[in-house]
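Colleague: starting from these lines, generate the structure:
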Amino acid sequence: MMPTIRKLMHDHKKTAFIICAIVLFVWISITLTVNVLLSKTKDTASKTASDALTYQLSIGKVTYSFPNTVTIKEIAIAPKTGPTLNVIHFPSIKAKFCINRLIFKKEICITEILVDAPYLRWQNFCQFIRENFIVLLDTLKKIPKADVEITFSESVIKLIDNNYGPDHLDVDFVFTIQGDNVKISGTLDVENEEHLANKKKNPEKKPFLTYELRSRWSEEAFFLDSIILSGASLYSKFWGQIEGDQLYLKGFSFANTTETHAKPTKTVQPLNIIDRVKFFLRTLKGGKAPVNELAHCNFYFTDLDCVIKAALPNIAITRFDVRFNNAPVTLRGNITLSDPPTFDLKTVFYPAFLKDKGMGDLKQTDFKISGKLENDAFHVDSGLKLQFIDNTTSMGTLTTVDITADDFIFDFFNYPHLKIESKKGRALWIINGNKHTVSVSDLHAVSNFNSSDIKEIDVSATAYEGKVNGKLLIDTTDLPFRFMAKAGLDDLNANKLKEILVHFSKVHGRLNSNLEFRSYPQFDLRGDIDIRNGHLKNFDFFKWMSDTFGLHSLLDVYFHNTKTKFIIEPGRAGIYNIDFKAEDVKISGDFYIKNNDMASSIISMSLNRGLLETAKEFKPILNFFKKDVPFLDFDFQLSGPMGTMNFLWLPNWTKERIRARIPNFIERSIERQVDEEFK
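Modeller: Here you go, the predicted model:
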């Protein structure tokens, strides 16, 4: 009995050994055979892909691991010419396939793909997509429909080399297809040296953005059941569908962009996502809730209604309507994904509907832009029109601002250092029905949009035969943004400034000026004006003196230097510290216009004795003064509504000498004549 058992055990061990040997042989044979086949086909696959694309695709190594795993290493896509620079690099891709379908249906069905640490250069990738979009789309259409899960881990999207903004994006996501259902979910984080240092200190810090898309296929459409974007200060949800080449999208978004360090003395409310969602659900059930319920958010977009037609390469924005902080915004236009990409867009914004943080009397803004994206910069023609509420009770009622820029170049690829150039620009504004225009050429602007709350823009331009240089500061700590600016005007042709202010039509000379502007706590524009080597021609008051007293040399008064200061602020506008000096005339004083166009002015004018001797009306008066008095000084006051100002000859040494020699009725007659002139 025992020998029999030993024999059976020996036979079983032998059989097991033979089976293991056969399995090992089959495993090794299949692995070697498949690896040999894959090694031969990888070069063919690389060549086929490179021939179809405008870029070169290379594959380092393809290996098969029993039973159902294929690993592809060192996949790179690079330009065919020029320096070797990988646009896309995949260190490793592992793909698993279904053995049952391979054996019984003779189909290769991928069930799982793991992409480890892919690297992508964003600018070059955009160029790659533009050049090969149709080929890639046709390839995707040929892939058979099957359940699959694709995981991208530790993905890096290289942005722009800089020291301030994000250096690259870290992207992780999982793409899953199960039957007719599609799901994409993952995280996105922005990184640079500063962010990486903070991440090491706080490794549990949440990612910048978490996203999830749930959708499903049907015979009628591709339904976008839910698109959710969320972060520390953002919550957005969208839904819609794609029918043929039409995208229909609805949704809402809430954000809190207020930084807690911007104002240490102010407590900043955190973004309450749950309350925001409850608010939105209430609006669906029972109409709109008061806007002030969204106090925790400073940006909220609701009632999105979007229809886009994508007949590639043409994209038409048929309808894009949304409410921004309760104010309606519309966008229409076309985008063409050609080489180079082109666009023609127009948006309208109605800030008068802003409930919590309005923008003064601004009623409507219209912005249009058209152009192309070429050589890493936007080349556009643009126009911005601002329409204000007609407030007839305030002084200097501004009703319209119209700004246009031709051949405008906007280079943002060196962020945070943005560059702007324009061959020609114009700004037109209408105050009390009067048109004023500023025209510039060869505009250059460089900005530094670093992490600071104060953004800087340096500006230079050519205008009216001279130069303009300035700096604009934008305080972004709160809405509305606060603006501060300083500018210097150098050697401008004063007469050509008549399109800004009609009074310059009488002024000739070279003008220098320093300007200061701020928008907070109230509008304030002030500065000084210095005009050299010029003359006043047909100046209204001098023209009246010429016609009345025969002082004809006043029709064209030459001067070496004239200075004044000016101010424009709520409630008043005017010039002061007037210092006009010519050979025969000197003028000093100030002139203000206050609310309701009420004028207030005190002017001192000195007339040369030689000039007065040319007028017979003044010869008797000159006899009242000694020969050694070179100038006669006259002080007067202007007051009352513009267009009907009252004239008052103020007492001074000259007037007292004259009054002592002439009757009172002559004095009053002179004042009435001047008064009538101003009316």
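
Colleague: for stretch 627-643, give me every contacting residue.
Modeller: Under the contact criterion Cβ atoms under 8 Å, 6 or more residues apart in numbering, stretch 627-643 has outside partners 586, 591, 593, 596-609, 612, 621-622, 625, 645-655, 674, 678-679. All C-beta spots, glycine's among them, are computed from the backbone N, C-alpha and C.

Colleague: wait, a helix at Gly82?
Modeller: No. The assignment for Gly82, made by DSSP: H, G, I helix; E, B strand; the rest coil, is coil rather than a helix.

Colleague: okay, it: pLDDT?
Modeller: pLDDT for Gly82: 73.

Colleague: count the residues that sit near it.
Modeller: The tally of other residues near Gly82 (other Cβ atoms under 10 Å) stands at 7.

Colleague: same question, Ile75
Modeller: Around Ile75 there are 23 residues (other Cβ under 10 Å).

Colleague: test my guess that it contacts Gly60.
Modeller: Yes. The pair Ile75 / Gly60 is scored as a contact, 7.2 Å apart, by Cβ atoms under 8 Å.

Colleague: rewinding a little: only the buried subset of the contacts of stretch 627-643, as a PyMOL command please.
Modeller: Here is the PyMOL command that selects only those of the contacts of stretch 627-643 that count as buried (16 or more other Cβ atoms under 10 Å):
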select buried, resi 586+591+593+599+600+601+602+603+605+606+607+608+609+612+621+625+645+647+649+654+655+674+678
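
Colleague: which parts of the stretch 251-400 of the chain are strands?
Modeller: Using DSSP state E, counting those that start in this stretch, the strands of the stretch 251-400 of the chain run over residues 299-311, 314-324, 327-336, 342-349, 362-374, 377-388, 398-411.

Colleague: and of these, who's closest to Glu112?
Modeller: strand 299-311 (30.7 Å; Cβ to Cβ).

Colleague: and that closest one, what's buried?
Modeller: Across strand 299-311, burial judged by 16+ other Cβ under 10 Å covers 299-302, 304, 306, 308.

Colleague: check contacts around Ser519.
Modeller: Taking Cβ under 8 Å, 6+ apart, we find Ser519 in contact with 482-484.

Colleague: among these, which ones are in strands?
Modeller: The strands, defined by DSSP state E, take in 482-484 from the contacts of Ser519.

Colleague: how far away is Phe539 from Phe504?
Modeller: Distance of Phe539 to Phe504, computed by Cβ to Cβ, to the nearest Å: 11 Å.

Colleague: now the closest residue in space to Ile315 that isn't next to it in sequence: how far from Asp344?
Modeller: Closest residue to Ile315 apart from its sequence neighbours, by Cβ to Cβ, 6 or more residues apart in numbering: Ile335 at 4.3 Å. Ile335 sits 8 Å away from Asp344, going by Cβ to Cβ.

Colleague: again, but for Gln522
Modeller: Gln522 sits 38 Å away from Asp344, going by Cβ to Cβ.

Colleague: confidence-wise, which of the strands of the stretch 251-400 of the chain is weakest overall?
Modeller: Among the strands of the stretch 251-400 of the chain, strand 398-411 scores lowest, at a mean of 85.

Colleague: tell me the angle that strand makes with strand 362-374.
Modeller: 20 degrees (axes from the mean of the first three to the mean of the last three Cα atoms, to 10 degrees).

Colleague: contacts for strand 398-411, please.
Modeller: For strand 398-411, contacts defined as Cβ under 8 Å, 6+ apart pick out 361, 371, 376-388, 390, 418-431, 433, 443.

Colleague: and with 7 Å instead?
Modeller: Applying Cβ atoms under 7 Å, 6 or more residues apart in numbering, the contact partners of strand 398-411 are 376-388, 390, 418-431.

Colleague: repeat that for stretch 315-327.
Modeller: Here stretch 315-327 makes contact (Cβ under 7 Å, 6+ apart) with 291, 299-309, 329-335, 337, 349-351, 353-356.

Colleague: now do the helices in the stretch 1-150 of the chain.
Modeller: For the stretch 1-150 of the chain, helices defined by DSSP state H, counting those that start in this stretch occupy the ranges 2-52, 99-104, 122-142.

Colleague: for Ile99, what are its contacts?
Modeller: Neighbouring residues of Ile99 by Cβ under 7 Å, 6+ apart: 67-68.

Colleague: if you set the cut-off to 10 Å instead, what comes out?
Modeller: 67-68, 109, 111 (Cβ atoms under 10 Å, 6 or more residues apart in numbering).

Colleague: tell me which residues touch Lys61, please.
Modeller: Contacts of Lys61 were listed using Cβ under 10 Å, 6+ apart, and they are 35, 38-39, 42, 71-75, 92.

Colleague: so which of the residues you listed wins on neighbours?
Modeller: So for the contacts of Lys61 (other Cβ under 10 Å), the most neighbours sit at Ile75, 23 neighbours.
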